[in-house]
Structure formats: structure tokens, C-alpha cells
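# 3D, please:
(one chain, ligands or ions: 1)
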Amino acid sequence: MVTVRARVAPLVAILLSAALSAAAPQDRKPDVIYLPTDDETIDGMLKLARVTKNDVVYDLGCGDGRIVIAAVKQFGARGVGIDIDPARITEANENARKAGVQSRVRFMQGDIFDPAVPIKDATVVMLFLLPELNARLRPRLQTELRSGTRVVSNSFDMGPEWPADEVRQAGTHAIYLWTIKTRTDAMQRPGLLAADRATEPAPH
Ligand SMILES: C[S@@+](CC[C@H](N)C(=O)[O-])C[C@H]1O[C@@H](n2cnc3c(N)ncnc32)[C@H](O)[C@@H]1O
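Below is the predicted model of the structure:
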């Protein structure tokens, strides 16, 4: 039987090897190279997240902005894209202008692991990173996002400590959905930062 890990191994190798070798024109190198999500997978991700016009869709590592722009065009949502590579942000802004959706999107250069880069306003978070980057991001997602926020990842899960609520196939890619639970529920979950659990007030 071919395991999921074996199936995504070639994709991980592509995303990782080039990221290690290619320096982008800014101080900190990207943790993963730019590889755009195809239209069929974007469609599947937006549907899996059940995006509506009331959503604020964040793409963490947004590339040329295509997921956020599709969320605005197809569902009337608002969107925010964050990418560490300034060239991607220039492209994303240009694509938003061409699509006529500038007033509903914001693209900003930043490191998604920097706590000073806010993500708490998201109601939907899209990811296409790497397994280890998903795992590194998990504490931010679980502690900063509001209850009910949906997180969708292209190709990669969050490891055994945070199983997905739903897994679907979109074209050739597996896509994963998690819904952020209330903070009290989150405290029960294995894998949440011990330090965070320790600071949680005791229930009355
Ligand atoms: C595989 S691409 C995905 C692009 C887009 N989300 C999509 O699905 O089409 C990953 C993106 O993450 C960006 N990236 C890598 N490390 C990052 C970091 N630490 N903070 C923000 N963006 C990062 C890269 O520049 C690249 O554009």
C-alpha cells in the first residue's frame, strides 16, 4: 500500500530543495519555494472551506495572490495575502488590479512565523507550504484564530497531533480542512503549547 507520506514525498522534495538553494531578494529566505496552486485545486479548497461573502480569506504564503483573488471573484469574500518575497507581493497587487478586486484585497510582505504579522482577523486560512511548516504554524493557528475559523491546506496535513476534520481530493491533490474550536476545547487538544495551557485560567 502507498502511504500518504510516500505519495507527497516528491512534492516535498521539489518545494524544499529549491527553497534551500534559491535566495530571494530580501533578508530572510522563503521557507518554501513558489509553486502555484492550480485552478481545480483552488476551487476545491474554497468549496471545502465553504467560503461566503462574509469571509475574510487569508493565504499564508500567498504567491501571486490567486487564491485570495478567486475567493473575492467567486464568492464576494474579502482577502488578505502575506508573502515573504516582495516580488510575489508586486505580482499579487498587479493581478488584483487586472481582476478589478483591489478594493477587497490586501497583500503584504511579511514572515508568516513573525507574531507581529497579524492573522487573527481571518475567518478562513489557506495554506500550501510543507508538512514541517504546517507543524510550525500550528500553535499560531490554534491560539490566535477565532473559534469557527476554517483552515484548509493543499497537499499537507498537520501531523498526528492535529488530525483534519475532513479530507478531500481536488484534482490530483489531497486537501485538508480543520475548524478552530473554542479556546476551552482547544485546551483539551493534545499538542497545544504546554506554556499556553499553563496560562489558561481555571474554569469556575
Ligand atoms: C508553494 S507557494 C504557494 C503559493 C500560493 N499560496 C498558492 O497556493 O498558489 C509558497 C509561498 O510561500 C512563500 N513563503 C515561504 N516562506 C514564507 C514565510 N516564512 N512567510 C511568508 N511567505 C513565505 C513563498 O514565497 C511562496 O510564494
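# make it CA atoms for all contacts and neighbour counts henceforth
Fine.
# Up against the ligand, what does the chain have?
30-37, 59, 61-63, 82-85, 110-113, 127-129 (CA under 6 Å from any ligand atom).
# Which ones among those lie within strands?
59, 82, 83, 127 (DSSP state E).
# Closest to the centroid, which residue in the protein?
residue 127 (2.4 Å; CA atoms, centre = their mean).
# Run through the residues that contact the closest residue to that residue other than its chain neighbours.
Counting by CA to CA, 6 or more residues apart in numbering, residue 127 lies nearest to residue 153, which is 4.6 Å off, once chain neighbours are set aside. Applying CA atoms under 8 Å, 6 or more residues apart in numbering to residue 153 gives the contacts 45, 126, 127, 128, 175, 176, 177.
# Highest neighbour count among those?
Note: the member of these with the most neighbours is residue 45, at 28 neighbours, neighbours being other CA atoms under 10 Å.
# one step back: buried subset of the residues of the chain next to the ligand?
Taking 16 or more other CA atoms under 10 Å as the criterion, what is buried in these is 30-34, 37, 59, 61-63, 82-85, 110-112, 127-129.
# on that earlier part again, for residue 166, state which of the contacts of residue 153 is nearest.
Set against residue 166, the nearest of these by CA to CA is residue 177 (5.1 Å).
# I figured the closest one was touching residue 169, is that so?
No: using CA atoms under 8 Å, residue 177 is not in contact with residue 169, being 11.5 Å away.
# what about residue 104, how many residues close to it?
By other CA under 10 Å, neighbour count at residue 104 equals 17.
# now the residue lying closest to residue 42 once chain neighbours are set aside: how far from residue 124?
Distance criterion CA to CA, 6+ apart; nearest residue to residue 42, sequence neighbours excluded, is residue 67 at 6.2 Å. To residue 124, residue 67 is 11 Å away according to CA to CA, to the nearest Å.
# quick one: the strands in this structure?
56-60, 78-83, 105-109, 124-127, 150-154, 166-170, 173-179.
# Kindly reformat those strands as CSV and extend each row with distance to residue 96 and mean pLDDT.
Converted to CSV, these look like this (distance: least, CA to CA, whole Å; pLDDT from 0 to 100):
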stretch, distance to residue 96, mean pLDDT
strand 56-60, 14, 98
strand 78-83, 11, 98
strand 105-109, 7, 98
strand 124-127, 17, 98
strand 150-154, 22, 98
strand 166-170, 24, 98
strand 173-179, 25, 98
